[in-house]
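> Provided below are the primary sequence and the corresponding predicted coordinates.
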Amino acid sequence: MASEKPMSRIELLQGTLDLLVLQTLRWGPSHGYGITRQIRAGSSDVLQVDTGSLYPALHRLERQGFIAASWEKSENNQRVRSYRLTPAGRRQLSAERSRWEQMSSAISQLLNPPQLDEAGT
């Protein structure tokens, strides 16, 4: 929507990470390390999220009600915090995906403008 104010760099980065986390949790509950592994594997090792960025994002998403957390035992019998998507999180994921698609389309248009003829039209 053209009337929305532009996002700041921080909002853009947080929004992108939030989108990736929500998308990852769409496939099922996971703990923090599992989320980072899924993002890394799903992006062919291009996207790597460090814990200094991931855990603040998880806490922010939990405060907003988009994810819920519970303590569970991991495969190696360690206590881990597992995160899952809530119904509000599913709605947020849909909205975030829509915004991402608009933004990536706009960037694509800028990077690949239509070819002009000799007259500039």
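Looks like it came in fine.
> list the buried residues in the longest helix along the chain.
Ranked by residue count and defined by DSSP state H, the top helix of the chain is helix 87-111. By 16 or more other Cβ atoms under 10 Å, the buried positions in helix 87-111 come out as 89, 92-93, 96. Yep, even glycine has a C-beta here, placed from its N, CA and C like the rest.
> check stretch 67-83 too.
Under 16+ other Cβ under 10 Å, the buried positions of stretch 67-83 are 67-69, 80, 82-83.
> just give me the closest of these to G42.
For the buried residues of stretch 67-83, the residue nearest G42 by Cβ to Cβ is Y83; the value is 16.3 Å.
> that closest one contacts R26, doesn't it?
No: with contact defined as Cβ atoms under 8 Å, Y83 does not count as touching R26 (11.7 Å).
> related to what we said a few turns ago, tell me the helices and strands packed up against the longest helix of the chain.
Contacts defined by 3 or more Cβ pairs under 8 Å, 6 or more residues apart in numbering; DSSP states H and E place helix 87-111 against helix 9-26.
> after the helix it packs on comes which helix or strand?
strand 30-31 (DSSP states H and E).
> what helices and strands are in contact with that following strand?
If you count contacts as 3+ Cβ pairs under 8 Å, 6+ apart, strand 30-31 packs onto strand 79-85.
> pairing partners for the strand it packs on, with directions?
Here strand 79-85 is paired, per DSSP bridges, with strand 30-31 (antiparallel), strand 67-73 (antiparallel).
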